[in-house]
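Trainee: Sequence and predicted structure, then a few things I'm wondering about:
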Amino acid sequence: MSSGDASQAVALLAGLELLTAVLLAWRGPASSPRGPLAVQGFALAGLVAVIGVAEGEPVLWLVALLVGVLKGVVLPTLVVRRPSRAAGPAAPPAADRPATVRPVVRPAVVRGRSRVPLLLGAAGLVVVAYLAARPVTRVVTGATGQALPVGFALVLVGFALLATGRRSQSQLVGFLVLDNGIATTAFLATGGVPLVVELGVSLDVLLVVLVLQVLGSRIDTAFGAGAPGGTDLDQLRELHD
Amino acid sequence: MSGEVAGEVRVVVAVVLQTVVVVVAAPFLVGVLRQVRARWEGRVGQGLLQPWRDLVKLARKEPLQASGSTVVAWVAPVVVLGSGLLLAALVPTVTTAGPARLPADLFVVVSVLLVGTVALGLLGLDAGSAFGGMGSSRHLTIAALVEPTVLLAVYALSVPVGSTALGPIVEGRLADPGRVVAPAGVLAVVALAIAVVAETARIPVDNPSTHLELTMVHEAMVLESSGRDLAAVELGSWLRLSVLLALVANLVVPWGVATAGDGGPGLPALALGVVAVVVKTAASGVVLATAEVFMAKLRLFRVPELLTGSFVLAFLAVTGSYVIG
């Protein structure tokens, strides 16, 4: 693989990551984030593999495999998984519930806010990322430095998704985009991360997602909302007994 | 000197041929779209020739105009048809060659598009009927959201070429196929495709086969037209659809288009160009119609969201084309 091919592959995969981040921001409340997240994870794994080939480091192949399995398969599946209500000791029996708890009536159509501000904000953040990454791209040369702003952009868009998400699921999606951004920046800036470090980071992310999933399902069972993507923030505004 | 003149004559011949091909093929493309849709829905369909028959039938009839309609009612159809013909001549479909004095510049093309859009909007308003006004207002709302996307998307495509003319852009992609899969190019083409779908009033932005008063956009504007006027408006809209679809097809699959070369495209190249563009456009028409069958029309208030998305894609393409190529 020549350096020209490598830089083109890096550009393509980085572009794919950026595209999926925008798609995740664009996504309506009823559509699943699984596909774009998985594509983003695989693109990141591909990026690692390309860097591995370009730098001639076989260890990176292992890292790529790890990233691909974790971010392409495991995490997207975990995020969309709806914990079954029957399982888990958290669900209180119906008889124990005080009579004052009104059943939550959900609209048949999932009402979503307009995505326009978030989308335009994401576009602005990408520009900010390109500007902010300028000093770094001047230092990091070669095929990878060119695509480095994409990592920054992913971090910023991930933060935006995390901050504006109204349901636990969309906040988790934001967290994963943020993490993908950090990983992309790390791989592109340093030309590969040691296996031990990547293993540690990956396990951390997996643990966080698992904990947040459990927390989200607890909240769901406590407030009785079964809407796709978890309980809406609006339902958590006022005190329930 | 005589060689230059001969080259210019060849370019003019190529452009005229391109226009004629698009005019002849546009109703067929509409026929393909309707036929594919019919087959997917389990109907026999009306055949590929039906749009042509409709056009001929309408062109023979005398146009009736609503009382109170003004000069706009007979000027607007001509303008719509004229802008369609001009687009067919300017946009590289069969050949990327263009006369040097007639710039097939990005801004010219978008302005010609806009002239047609505005003429259609005025036509809808002219008779003063409620539906026409509704259709025009929606049409112009959508147009206002689409034009920036078209501009930005083509601008992103023009950055690696260094020219905003559409011909060199297509030629550049032909010369360097790596550009077709470059991320900025892909983003720009996706954005442009969404914009084209909105611009030509297809599902999910508008349903071309409905006369339901609450949802129609294009149909509402032409309700008051009849006879020759309706034929002109319809042909103008079909030309716009065919040209834009052929443009997207040429950007995605640039092979086969007749390049300008030295002294204008030769006859064999032009013949190949005609065949290639017919095949490509028909194929993209089949894809478009198939996608439409599996899609529902968006609520009007959701349309800005879709168009903002495509605008953001185009914007990212522009940003990205400077950084990641």
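Mentor: Ah, there it is.
Trainee: which residues touch the residue in chain A positioned nearest to chain B?
Mentor: For chain A, the residue closest to chain B is residue A:15, as judged by C-beta to the nearest C-beta, at 2.2 Å. Yep, even glycine has a C-beta here, placed from its N, CA and C like the rest. Residue A:15 makes contact with A:150, B:182, B:183, B:184, B:186, B:187, B:320, B:324, according to C-beta atoms under 8 Å, 6 or more residues apart in numbering or on different chains.
Trainee: Scan chain A for its longest helix.
Mentor: helix A:195-223 (DSSP state H).
Trainee: tally of neighbours for the closest residue to chain A within the stretch 101-250 of chain B?
Mentor: As assessed by C-beta to the nearest C-beta, chain A sits closest to residue B:183 within the stretch 101-250 of chain B, at 2.2 Å. Look at residue B:183: counted by other C-beta atoms under 10 Å in any protein chain shown, it has 27 neighbours.
Trainee: what do you get for residue B:66?
Mentor: 15.
Trainee: What part of the chain, helix or strand, is modelled with the least confidence?
Mentor: Going with chain A. The least trusted helix or strand in chain A, going by mean pLDDT, DSSP states H and E, turns out to be helix A:134-139, with a mean of 81.
Trainee: wrong chain, I was asking about chain B
Mentor: helix B:178-181 (a mean of 78).
Trainee: moving C-terminal of it, what's the next helix or strand?
Mentor: For helix B:178-181, the following helix or strand on the C-terminal side (DSSP states H and E) is helix B:183-199.
Trainee: Packing partners of that following helix?
Mentor: Judged by 3 or more C-beta pairs under 8 Å, 6 or more residues apart in numbering or on different chains; DSSP states H and E, helix B:183-199 is in contact with helix A:3-26, helix B:130-161, helix B:227-252, helix B:303-323.
Trainee: OK, contacts around the residue lying closest to residue B:150 once chain neighbours are set aside?
Mentor: In space, and not counting its chain neighbours, residue B:150 is closest to residue B:195: 4.9 Å by C-beta to C-beta, 6 or more residues apart in numbering or on different chains. Residues near residue B:195 by C-beta under 8 Å, 6+ apart: B:146, B:149, B:150, B:153, B:307, B:310, B:314.
Trainee: I'd assumed residue A:11 was in contact with the residue of the stretch 101-250 of chain B closest to chain A.
Mentor: Yes - contact criterion C-beta atoms under 8 Å: residue B:183 and residue A:11 qualify, at 5.6 Å.
Trainee: got the CA coordinates for stretch B:204-221 in PDB?
Mentor: Provided in PDB are the C-alpha atoms of stretch B:204-221 (Å, rounded to 0.1, in the frame of the first residue of the first chain):
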ATOM      1  CA  PRO B 204     -40.500  12.600   0.100                       C
ATOM      2  CA  VAL B 205     -40.800  16.400  -0.500                       C
ATOM      3  CA  ASP B 206     -43.800  16.400  -2.800                       C
ATOM      4  CA  ASN B 207     -45.900  13.600  -4.300                       C
ATOM      5  CA  PRO B 208     -46.100  14.100  -8.100                       C
ATOM      6  CA  SER B 209     -49.200  12.000  -8.500                       C
ATOM      7  CA  THR B 210     -51.500  13.500  -5.900                       C
ATOM      8  CA  HIS B 211     -54.200  16.100  -6.200                       C
ATOM      9  CA  LEU B 212     -54.900  16.000  -2.500                       C
ATOM     10  CA  GLU B 213     -55.400  19.600  -1.600                       C
ATOM     11  CA  LEU B 214     -53.500  19.500   1.600                       C
ATOM     12  CA  THR B 215     -50.300  17.900   0.300                       C
ATOM     13  CA  MET B 216     -49.900  18.900  -3.300                       C
ATOM     14  CA  VAL B 217     -47.200  21.400  -4.200                       C
ATOM     15  CA  HIS B 218     -46.400  21.200  -7.900                       C
ATOM     16  CA  GLU B 219     -49.900  20.100  -8.900                       C
ATOM     17  CA  ALA B 220     -51.500  22.900  -7.000                       C
ATOM     18  CA  MET B 221     -49.600  25.500  -9.100                       C
END
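Trainee: So which bits of that stretch are buried?
Mentor: Across stretch B:204-221, burial judged by 16 or more other C-beta atoms under 10 Å in any protein chain shown covers B:204-208, B:210, B:215-221.
Trainee: what would those residues look like in CSV with distance to chain A, secondary structure and pLDDT?
Mentor: Putting these into CSV (distance: C-beta to the nearest C-beta, whole Å; DSSP: H, G, I helix; E, B strand; the rest coil; pLDDT from 0 to 100) gives the following:
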residue, distance to chain A, secondary structure, pLDDT
B:204, 13, coil, 86
B:205, 16, coil, 85
B:206, 20, coil, 86
B:207, 20, coil, 83
B:208, 24, coil, 81
B:210, 22, coil, 79
B:215, 18, coil, 79
B:216, 23, coil, 83
B:217, 20, coil, 87
B:218, 24, helix, 88
B:219, 27, helix, 87
B:220, 25, helix, 88
B:221, 26, helix, 89
